[in-house]
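A.B. asks: next input, structure requested:
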Amino acid sequence: MKRILIIEDDTVLRDELTILLQNTGYEVTALTQYQDILNRMLTAQADLILLDINLPETNGETLLLEFRKQNDTPVIMLTSRTAEIDELLSMSFGADDFITKPYNPTILLLRISAVLKRTAKTGTAQMYHDAEVSTVKGSITRNGAEQVMTKNEMIIFQLLLDRQGEIVTRDALMTALWDNDEFINDNALSVNISRLRGKLAELGFPDAIETRKKQGYVLK
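C.D. replies: Below you'll find the predicted structure:
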């Protein structure tokens with residue numbers, strides 16, 4: 001049974017999350033006191049942490065940054081903020097996903113499941129040629145240079161990497177994104193592919209993703 005630690009100061013939301021996750025089959029611990037949170041995170045032995053950004057007397061992103069210096073446990077950030085900069089900041093600090101409130105319970109469960117599967121399968125890092133891919137940090141590092149990926153960029157890259165050298169159809173990529181996020185349209189997929197190509201180019205892989213017309217994409 002997977003263990004999930006909830007760090008959410010909204011009592012109603014915390015109780016709803018606890019019931020939802022317990023009914024789904026997870027073992028749940030929910031903090032009700034907010035002193036020494038970092039130590040609680042480090043000693044919880046959780047398989048995944050749900051961490052609110054806005055907490056009494058502290059900030060979830062700051063906690064995440066300190067936590068990542070010592071621990072690679074998957075973390076999903078919970079927030080009522082909707083600005084893109086908050087998602088980018090959380091992902092750059094090492095978040096595995098970013099969920100805005102109010103959330104759809106079904107989508108939340110899908111994304112928790114996806115993060116657990118992704119981190120269990122790949123561990124903390126794998127290689128793409130001579131670059132290190134970290135699913136925990138959501139980044140690719142080569143020769144000391146690091147590119148931080150958004151959640152969707154990382155999902156796309158991970159699927160391409162898992163099937164490197166094979167054609168991955170747009171439908172397969174859309175399905176992977178649907179399983180991890182709200183609806184994404186065809187244009188949004190193209191934008192994410194373009195941004196991912198740009199980041200790979202910055203690392204010295206300018207032709208990493210090849211387009212096969214009417215078929216899909218190949219990671220070389």
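A.B. asks: where exactly do the helices run in this protein?
C.D. replies: Assigned by DSSP state H, the chain shows helices spanning 11-24, 37-43, 60-68, 84-92, 105-122, 151-162, 170-180, 186-202.
A.B. asks: in the last one, what counts as buried?
C.D. replies: By that I understand helix 186-202. Neighbour-count burial for helix 186-202, counted by 16 or more other Cβ atoms under 10 Å, picks out 189, 192-193, 196-197, 199-200. Backbone N, C-alpha and C define where each C-beta goes, glycine included.
A.B. asks: could those go into TSV alongside pLDDT?
C.D. replies: Shown next, in TSV, are those (pLDDT from 0 to 100):
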residue	pLDDT
189	89
192	91
193	95
196	96
197	97
199	96
200	97
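A.B. asks: closest to residue 102 out of those?
C.D. replies: residue 192 (24.9 Å; Cβ to Cβ).
A.B. asks: how long is stretch 31-45 from one end to the other?
C.D. replies: 14 Å (Cα to Cα, to the nearest Å).
A.B. asks: distance between that stretch and the chain's centre?
C.D. replies: The gap between where stretch 31-45 is centred and where its chain is centred comes out at 21 Å by Cα atoms, centre = their mean, to the nearest Å.
A.B. asks: buried residues, that stretch. List them.
C.D. replies: 31, 37-38, 40-41, 44.
A.B. asks: now swap in stretch 67-80 and tell me
C.D. replies: 67-68, 71-79.
A.B. asks: stretch 211-218 now?
C.D. replies: Buried, per 16+ other Cβ under 10 Å, within stretch 211-218: 216-218.
A.B. asks: dump those residues into JSON lines; add pLDDT as well.
C.D. replies: Below are the buried residues of stretch 211-218 laid out as JSON lines (pLDDT from 0 to 100):
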{"residue": "216", "pLDDT": "92"}
{"residue": "217", "pLDDT": "95"}
{"residue": "218", "pLDDT": "95"}
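A.B. asks: now, which of the residues you listed sits nearest residue 61?
C.D. replies: Relative to residue 61, the closest of the buried residues of stretch 211-218 is residue 217; by Cβ to Cβ it sits at 32.5 Å.
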